[in-house]
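A.B. asks: attaching a predicted model along with its sequence, questions to come.
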Amino acid sequence: MKTIKTLLFFTFFMMLSPVATSQSWNLVWQDEFTNGISPDWVFETGNGSSGWGNNELQFYRRENATIENGSLVITAKKENFGGYGYTSARMKTQGRRKFKYGKIEARIALPSGQGLWPAFWMLGSDISAVGWPACGEIDIMEHVNNEPDVHGTIHWQDNNNNYASYGGHTAVNVNDYHVYSIEWNENNIRWFIDGTEYHIVDISNGVNGTSEFHNDYFLLLNMAVGGNWPGFSVDESRLPARMYVDYVRVYQASANPPPTGVAIIYEHCSYGGYAIGLGEGNYTRTQLIGLGIKDDDISSVKVQSGYQTTLYFDDNFTGTSVTKTIDDSCLVDDGFNDQVTSIIISKSNGGSSTFIEAENYTSMFGVQNENCSEGGQNVGYIDTGDWMAYNNINFPTSGSYTIEYRVASTINGAKLSTDINAGATVLGQVNIPNTGGWQNWTTVSHIVNVNAGTYPLGIYAASGGWNINWIKITKQNNARSFDSASTYSTKPDEERKRISTTSIYPNPFTDIIQFNFDTDNANIIVFDALGRKVMTSKYIKSGKSIDLSYLEKGMYSITIEKDGVKEIKYIIKQ
């Protein structure tokens, strides 16, 4: 947790070491905090030397670490004890457990507030003999105050016996649970959040005095109040503050040969972490765990040609699903990172047909699910402007596709619109007939043209008053290729012209988006996937930009009103 910050002009840090294509891990130690706190933890008490070297303001007590609902809770409180105005807890495995190399991870939800400083970190086991920073320090996760970023850092003593540090940081909603981890070997240390790498440091051959990082280390968890880094002003309205730790796990590399199978499942994005090969078949949650695949732990997949892998959100092949017919290096864009519970691997049908249960949307606006007379559920209560989005729909080749919709309606004039890339490309509209009942089903269809690729597919209620049970996409034999700039649509020319008069760039975006209208200005409102307003009504001039950096990653809808006409666009925050 030391926070002395020194600017290092070390070019070796900018040269990343080669990353293994995959790594199998064996679990060697864990504390799940299910029935209490493991005896491998030792609690430190008091305020240490000079506030634990950081001028911290709290007094550490064992009583501030408790177990609630299977999680460790470290609580920082406003209370006078031992001559200090705050209490908290600090725990370590020193003298009980030590580790050299491996994958170290914890699933943690953090508080935020001025003066708070929670951390998950490691110290060299020889600290009693050589002191700090010669022992080395690995900060797996640190967060201070109300900052949007978490930090991963190493501290050490270089070849000239000078203090040195090197760190990275990335933005995350710290109040939610996230898995914070490092993968540490003889060449480098890599930092991850939820399986996504954000920082790496080269320690190969002890370069620049990093030999400390080839020794044994012990673990620490704590939450400080005040200190050199967060400062000495504490927002006491945020106390008591609670740091939740679901589990801490340590893995070491397996010497197993590379896995084989028609599909290979990977723990991390970019085919990192452990890897398990699977053959053709159905795999429930229990079966996957038996094979070494933890629940909600998959981030990338490789699929052999001629096969498809369908990943399910829930056990027994239920819930939202996504099908992969080609390799995918990261499931984040599909909303499936660390979400897989059951898997079906089967021979593909050549990519000629894709079947989508309507209720298995990735995100939606305004709709509800209900029981269906044809079995399972359907999507209903669809009003004008409502929508559903389905990530990762694969169109294996460019050309013509028939899209069929199983629909029901009790009114005349209902209409749906289909698009890809969050509304950027409209594929066409289909009129929905009056079927005489909300559960009287019929199938309607149209032919669209799509360039080869994997896209988010959107179904938009151009006119409401209909239900939908499923969607089926079938490749046509007389397919023709086309340029995406001239996408085919069944909309009348005037309507297509009106819809195309608003452009949003870039989309997907990270922070800033720019609007261009055919009028001087327009009124816009932004909604999240659950229909909650995340940006209130605002007038924007054409060509101007707005900052949406505060939004979480995901899909959003924008209502755009200009000259009395309302239009819905979808945007994706990366």
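C.D. replies: Nice, I can see it.
A.B. asks: mind listing what's buried along stretch 379-390?
C.D. replies: Going by neighbour count (16 or more other C-beta atoms under 10 Å), the buried part of stretch 379-390 is 379-380, 382, 385-390. From N, CA and C alone the C-beta is placed, and that goes for glycine too.
A.B. asks: and if you look at stretch 152-168?
C.D. replies: Residues 152-158, 164-168 are the ones in stretch 152-168 that count as buried (16+ other C-beta under 10 Å).
A.B. asks: next one: it to chain centre, how far?
C.D. replies: 30 Å (C-alpha atoms, centre = their mean, to the nearest Å).
A.B. asks: next: stretch 263-275.
C.D. replies: With C-alpha atoms, centre = their mean, you get 15 Å for stretch 263-275.
A.B. asks: can you tell me the element the spatially closest residue to Q368 that is not a sequence neighbour falls in?
C.D. replies: Leaving aside its sequence neighbours, Q368 sits nearest to Y381 (C-beta to C-beta, 6 or more residues apart in numbering; 4.4 Å). Assigned by DSSP states H and E, Y381 belongs to strand 377-382.
A.B. asks: still on that earlier bit, how about the buried residues of stretch 152-168, which pair is most distant?
C.D. replies: Q157 and G168 (20.5 Å; C-beta to C-beta).
A.B. asks: show me what contacts F192?
C.D. replies: Contacts for F192 were tallied using C-beta atoms under 8 Å, 6 or more residues apart in numbering; they are 105, 179-183, 198, 268.
A.B. asks: ok, now with 6 Å
C.D. replies: The contact partners of F192, by C-beta atoms under 6 Å, 6 or more residues apart in numbering, come to S181.
A.B. asks: who's it bridged to?
C.D. replies: S181, E197 (DSSP bridges).
A.B. asks: go on, V201?
C.D. replies: Counting by DSSP bridges, the residues bridging with V201 are I189.
A.B. asks: so what pLDDT did it get?
C.D. replies: Turning to V201, the model gives it a pLDDT of 95.
A.B. asks: try T362
C.D. replies: T362 is given a pLDDT of 90.
A.B. asks: ok, it touching A389?
C.D. replies: Yes: judged on C-beta atoms under 6 Å, T362 makes contact with A389 at a distance of 5.3 Å.
A.B. asks: what's the weakest-modelled helix or strand in this structure?
C.D. replies: Scoring the helices and strands of the chain by mean pLDDT, DSSP states H and E places helix 493-499 at the bottom, with a mean of 36.
A.B. asks: following that helix, which helix or strand shows up next?
C.D. replies: Downstream of helix 493-499 (by DSSP H and E), the next one is strand 503-505.
A.B. asks: that next one: partners in the sheet, and parallel or antiparallel?
C.D. replies: strand 512-516 (antiparallel).
A.B. asks: pull out the buried positions in the partner strand.
C.D. replies: 513-515.
A.B. asks: turn these into a markdown table, including pLDDT.
C.D. replies: Below are the buried residues of strand 512-516 laid out as a markdown table (pLDDT from 0 to 100):
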| residue | pLDDT |
| --- | --- |
| I513 | 84 |
| Q514 | 80 |
| F515 | 77 |
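A.B. asks: adding distance to N440, write these out as TSV.
C.D. replies: Converted to TSV, the buried residues of strand 512-516 look like this (distance: C-beta to C-beta, whole Å):
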residue	distance to N440
I513	42
Q514	46
F515	42
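A.B. asks: closest to D547 among the residues you listed?
C.D. replies: For the buried residues of strand 512-516, the nearest to D547 is I513 (8.7 Å; C-beta to C-beta).
A.B. asks: could you list every residue that touches that closest one?
C.D. replies: I513 neighbours (C-beta under 6 Å, 6+ apart): I504.
A.B. asks: show me what it is bridged to.
C.D. replies: Under the criterion used (DSSP bridges), I513 bridges to I546.
A.B. asks: oh, and call the first residue 53 from now on, that's how I've got it
C.D. replies: Noted, 53 is the first residue going forward, which turns the last one into I565.
A.B. asks: from N559, how far off is it?
C.D. replies: 7 Å (C-beta to C-beta, to the nearest Å).
A.B. asks: what of A410?
C.D. replies: 25 Å.
A.B. asks: again with I397
C.D. replies: 33 Å.
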